[in-house]
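Enquirer: my questions concern the predicted model and sequence given below.
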Amino acid sequence: MEQATATADAPALSINLVVDDTMRSRMGQGRGLVSIAEAYEISSHEIAVLANEAMREAIAFKKRMQEMRKGFIQPAKDIIARAEALFDGPIQDAERAEGIYKQRLQTWDNQEKARVAAEQRAAEEAERKRRAEAEQRAAAERARAEERAREEKRKADEAAAAVARANAEAERIRREAEEARRKKAAEEAAEAARLRAAGDAAAAAEREKKAKAEAKEAKRKADAEAAEQSRVAATAAAEAARREENARAIQQQGEQRAQESVLAAAAAPAPVVEARKLEGFGQAANWVVELTAPTEADAIKLIAAALPDRPELIAMLKLDMTAARRQGTSLKAHFNIPGLKCTNQPKAVSRGAK
């Protein structure tokens, strides 16, 4: 019987299920059913008739017990249904509120992610431009260094050419001086020989002495001029070496400044933009498979057509044994599905006692 334990504005939600003597008596009628069934040894038609009648009585008793159980527990089910219904409204409201929050928070989260992505792209673009500008500065620095180095090299080449000219001039001076000295010595020797032949030995000696002094002075002047040209050549050679060294140093300095510009840009990477997070809220991956073919049957045909190249798709063609059994019941001996068969396996049936 149902007990009223609720307040005036709430339904009664309490009940006691009492098993009375009548119910116990009816339930007791089932005692011995199993032992009686096990005692039957069917060896004749008469015993078979008795066994069939006893089975029908057992079936009828089972149905009575099922009806009795249904009526006995139904009030309790009704109480539980009403109790559950009390919570349906608040639970549904909470679920609706949760859905609204999730939808709006998800929208906000997507907007936040879009903002972060946009800011990150902007930061990376700024970083890319900064690196490009650094590369441009480095290229300009290298170009300036190369231009200065070329100018130094040009001057070094001019100095080297001056060295060659000075050396050639010194050689020319020595060669011409030597030629003039030999010519002058030959002339003086001829003149001295003529004077001796004329009997003027003193004049010949004086002439030879003067010729030697003049040759000595000519050689001194020639050596001085050659020495001056050698000094000019040495100065030009030193200048050429200095210009060559300057060219190398300018290129090295230009390359160093170019690398410093690039490294300075690389040392300050674009900042990582992070989204503002909410405690306990996030979006989990949710991969959803959807039908792209017009119907499931069309999808199955497409999967079957792909099996020769993709045998792992066989799992997508799961055998529907329930549908196969329905066809077997309908077609009986005419059942024909590859890999399956349908045979008649009789089972015992009984209509029960009337």
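Expert: Nice, I can see it.
Enquirer: ok but Pro271 is inside a helix, no?
Expert: No - applying DSSP: H, G, I helix; E, B strand; the rest coil, one finds Pro271 to be coil, outside a helix.
Enquirer: quick one: residues contacting it.
Expert: Ala123 (C-beta atoms under 8 Å, 6 or more residues apart in numbering). Any C-beta I mention is one placed from the backbone N, CA and C, and that applies to glycine too.
Enquirer: quick check: closest non-adjacent residue to Gly30.
Expert: Closest residue to Gly30 apart from its sequence neighbours, by C-beta to C-beta, 6 or more residues apart in numbering: Phe61 at 5.6 Å.
Enquirer: next one: that neighbour from Met68, what distance?
Expert: Separation of Phe61 from Met68 (C-beta to C-beta, to the nearest Å): 10 Å.
Enquirer: hmm, back to that, which other helices and strands does the one helix or strand the residue nearest to Gly30 maps to contact?
Expert: Assigned by DSSP states H and E, Phe61 falls within helix 45-197. Secondary-structure packing of helix 45-197 (3 or more C-beta pairs under 8 Å, 6 or more residues apart in numbering; DSSP states H and E): strand 14-15, helix 21-28, helix 33-39, helix 201-266.
Enquirer: tell me the mean pLDDT for that helix?
Expert: Taken as a whole, helix 45-197 has an average pLDDT of 85.
Enquirer: now the angle from that helix to helix 201-266?
Expert: 160 degrees (axes from the mean of the first three to the mean of the last three C-alpha atoms, to 10 degrees).
Enquirer: picking up where we left off before, which of the helices and strands packed on helix 45-197 is buried the deepest?
Expert: Mean neighbours per residue, mean count of other C-beta atoms under 10 Å, is largest over those for helix 201-266, with a mean of 15.
Enquirer: now do that helix, average pLDDT.
Expert: 75.
Enquirer: now render the helices and strands packed on helix 45-197 as TSV, adding distance to Asp298.
Expert: Below are these laid out as TSV (distance: least, C-beta to C-beta, whole Å):
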stretch	distance to Asp298
strand 14-15	54
helix 21-28	57
helix 33-39	54
helix 201-266	55
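Enquirer: for stretch 201-210, C-alpha coordinates in PDB please.
Expert: Extracted as PDB, the C-alpha positions of stretch 201-210 are listed here (Å, rounded to 0.1, in the frame of the first residue of the first chain):
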ATOM      1  CA  ALA A 201     152.700  60.500 -73.400                       C
ATOM      2  CA  ALA A 202     151.900  63.200 -70.800                       C
ATOM      3  CA  ALA A 203     148.800  64.300 -72.600                       C
ATOM      4  CA  ALA A 204     147.700  60.700 -73.100                       C
ATOM      5  CA  ALA A 205     148.100  60.000 -69.400                       C
ATOM      6  CA  GLU A 206     146.200  63.200 -68.500                       C
ATOM      7  CA  ARG A 207     143.500  62.200 -70.900                       C
ATOM      8  CA  GLU A 208     143.200  58.700 -69.400                       C
ATOM      9  CA  LYS A 209     143.100  60.200 -65.900                       C
ATOM     10  CA  LYS A 210     140.400  62.600 -66.900                       C
END
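Enquirer: centre of the chain to it, how far?
Expert: Stretch 201-210 sits 106 Å away from the centroid of its parent chain (C-alpha atoms, centre = their mean, to the nearest Å).
Enquirer: shouldn't Ala185 be in contact with Ala215?
Expert: Yes - with contact defined as C-beta atoms under 8 Å, Ala185 counts as touching Ala215 (5.9 Å).
Enquirer: which residues touch stretch 26-37?
Expert: Taking C-beta under 8 Å, 6+ apart as the rule, stretch 26-37 contacts Ala54, Met55, Ala58, Phe61, Arg64, Met65, Met68.
Enquirer: run the last query once more with 7 Å
Expert: Ala54, Ala58, Phe61, Met65, Met68 (C-beta atoms under 7 Å, 6 or more residues apart in numbering).
Enquirer: from those residues, which is closest to Ser330?
Expert: Nearest to Ser330 among the contacts of stretch 26-37 is Ala58, at 32.1 Å by C-beta to C-beta.
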